[in-house]
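K.L.:
build me a model:
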Amino acid sequence: MGAATDPPLLRALDRIDEMRVFRWSLAISLALTVAAALATDSVFQVDEYFQVVGFASLKLGLTPARDLPWEHAERIRPWLQPGSYAVLARGLGTVGVTDPFILLRAWRLASGLAAWGALATLLVAVRAWLPSARWRRFAYLSLALPYFVPYLAARLSSESASTTFLVLALAALLPLAPVGDGKSGGEASRVRLLAAGAALGFAFAFRYQTGLAVAGLVLWVLVHRRDRWRALGSLAAGMAVPLALGIVVDAWGYGTFEVVPWRYFDANLLQGRVAAYGRSPLPAYLWFMAGLFPPFGVALLLGLLLFWWRFPGHLLTWATLPFVVVHGLIGHKEIRFLFPILPAATLCVVLLLAAPPAPRGWERFTTRAMGFLWLGRATWAVDTVAVLLLCLLPSSDNLELQRFFYRHAAEPARWVALADPRDFHGGVVPFLLPQPMPPLEVVTDAAGLEATLAAGPGPVMVTARHPLPPGAEAVLERYGARVFTSLPAWLARVNLFHWLDRADMTYAWRVRESPLPDGS
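P.N.:
Numbering: from 1, shown residues only. Okay, the predicted model is just below:
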């Protein structure tokens, strides 16, 4: 890019000392990650609860096995992540911390800090790897500050945990790769290769699908390195420890020895059980990624496609291309499955913008379009707003009603539910339930609510979800007062296109005295 046509963001970065950009990128990312861990109870996808938190809760004696999803009975989920959360919870329990909502925050904080540590390691590696100070500054900003980075770091998902270790592996392996295309790079010590192997092993052990990226990186070493056998031996030695640990922890989790990765492959692919959750056409990930975390998603998609074309022999291509292609061949697709390669995709964007102009006109046009999307003022204005919404405010998809129920269950009141506070996304969540559990009467409409209130005695706590059944709000306003909303109550007055009906806005009402049987 010429100085006269450089985007304002690049020119602004050029005026700032590189170490200041490095330090501030990491400091802001750390602050946002901590905020996201403490402020948001949201899940990006409910598997974060049912396949991670629920498993940890089983080991804490709070959730019976019958309330876990079918994957537990089939023994197809890894135990390293929920097992580590259970160990952390037991440690906190020794100092009196047993509140499940505090434990969730502690788990999110631990996950976020681990992800941030991996990010810091990658930025240090980028400092030594990229020769241009300008593009190093840009890499720090691009890897640390897009709004999805701190938000996903603080999720309790297997994708986030696996991403942490894949980032560590990239940090260790980048010195082996040239900045552009090519078949050789710098040298790597045995310690670095062992560390890379350990990180790859943990990335696989936390989420088996990440094995596609792991296989791509290992094959790249085998094909492109002159010292391939020495490097491969060191990688394998590093991988042996986390893989063996995964087997041991899985045996502890299930109470029996199982080759859990094989059971996962057999159940989901050979038996086809994953297809029960829906199928998407072969190229669906193209529009999935284009719509992901706008406007960054389109730039990441263009970056991956163009990088694969221009640099087919690069380590980043071998890490990402097999991962996307094989996931595309599987009928059931979810955008979260691609989360582990987002840092590598971001590096692809950085390298394309830093590379000499491409020889073909369409390649130059695509690079300019990608740069416009990534470097534009509008993009980073959206990023500023989005990071505040995602990391500092409770999500609309939250556990606030469950938290209210847990906090107030011991009060001397009857509990009546238009919306069951024991339920989260259609499933019971014993981990979050108060002990002892108060009796709970579930009603479905205004007539049932009024009859239950009339049966006495008071006071009564009524839990509900927007939109309330017809007539229910009039009954509640006649007899009680609203004492809790998970989102600001005024939002109900600006329910344009009924968007609030799809949000998780919940209420609690206190009816101090039971109404007379005739409703008077």
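
K.L.:
so what's residue 462 closest to, chain neighbours aside?
P.N.:
Excluding its sequence neighbours, the residue lying closest to residue 462 (CB to CB, 6 or more residues apart in numbering) is residue 509, at 4.4 Å. All C-beta atoms are positioned from the backbone trio N, CA, C, and that covers glycine.

K.L.:
quick check: bridge partners of the one you found?
P.N.:
residue 462, residue 482 (DSSP bridges).

K.L.:
tell me the pLDDT at it?
P.N.:
Looking at residue 509, its pLDDT reads 95.

K.L.:
check the gap between it and residue 437 for me.
P.N.:
From residue 509 across to residue 437, the span is 20 Å (CB to CB, to the nearest Å).

K.L.:
the more surrounded of these two?
P.N.:
Taking neighbours as other CB atoms under 10 Å, residue 509 and residue 437 compare with residue 509 leading, 24 against 12.

K.L.:
give the contact list for the more buried one.
P.N.:
461-462, 464, 476, 480-483 (CB atoms under 8 Å, 6 or more residues apart in numbering).

K.L.:
just residue 218 next, same as before
P.N.:
200, 232, 235.

K.L.:
just the buried ones from those, in ChimeraX syntax?
P.N.:
Only the buried entries of the contacts of residue 218 go into this ChimeraX selection, using 16 or more other CB atoms under 10 Å:
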select :200,232,235
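
K.L.:
tell me the one of the contacts of residue 218 nearest residue 251?
P.N.:
When these are compared for distance to residue 251 (CB to CB), residue 200 wins out at 22.0 Å.

K.L.:
quick check: the closest one is in a helix.
P.N.:
Yes. Checked against DSSP: H, G, I helix; E, B strand; the rest coil, residue 200 lies within a helix.

K.L.:
surely it and residue 167 touch.
P.N.:
No. Counting by CB atoms under 8 Å, residue 200 sits too far from residue 167 to count as a contact (11.3 Å).

K.L.:
picking that back up, neighbour-wise, which of the contacts of residue 509 leads?
P.N.:
residue 462 (29 neighbours).

K.L.:
quick one: contacts for that one?
P.N.:
416-418, 449, 453, 476, 480, 508-511.

K.L.:
let's see 10 Å
P.N.:
413-419, 441, 443, 449, 452-453, 468, 472, 475-476, 479-480, 482-483, 507-511 (CB atoms under 10 Å, 6 or more residues apart in numbering).

K.L.:
these, buried ones only, as a PyMOL selection?
P.N.:
To isolate the buried members of the contacts of residue 462 in PyMOL, using 16+ other CB under 10 Å:
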select buried, resi 413+414+415+416+417+418+419+443+449+452+453+468+472+475+476+479+480+507+508+509+510+511
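
K.L.:
the contacts of residue 462 in helices, which ones?
P.N.:
The helices, defined by DSSP state H, take in 449, 452-453, 472, 475-476, 479 from the contacts of residue 462.

K.L.:
check contacts around the nearest residue to residue 445 once chain neighbours are set aside.
P.N.:
Spatial nearest neighbour of residue 445, excluding adjacent residues (CB to CB, 6+ apart): residue 469 at 4.8 Å. With contact set as CB under 10 Å, 6+ apart, residue 469 has these partners: 418, 443-449, 475.

K.L.:
out of these, the closest to residue 21 would be?
P.N.:
Nearest to residue 21 among the contacts of residue 469, with distances taken as CB to CB, is residue 418, at 51.9 Å.

K.L.:
give me the nearest residue to the closest one, chain neighbours excluded.
P.N.:
residue 464 (4.0 Å).

K.L.:
and that neighbour, that's in a strand?
P.N.:
Yes. Counting by three-state DSSP, residue 464 falls inside a strand.

K.L.:
so what's it up against?
P.N.:
Contacts of residue 464 (CB under 10 Å, 6+ apart): 401, 416-419, 443, 449, 472-473, 476, 482, 485, 505-509.

K.L.:
next, count neighbours for the residue nearest to residue 146 when sequence neighbours are not counted.
P.N.:
The spatially closest residue to residue 146, leaving aside those adjacent along the chain, is residue 296, at 5.4 Å (CB to CB, 6+ apart). For residue 296, the neighbour count with other CB under 10 Å is 26.

K.L.:
let me know whether residue 296 touches residue 378 as I believe.
P.N.:
No. Residue 296 lies out of contact with residue 378 (CB atoms under 10 Å); the separation is 11.8 Å.
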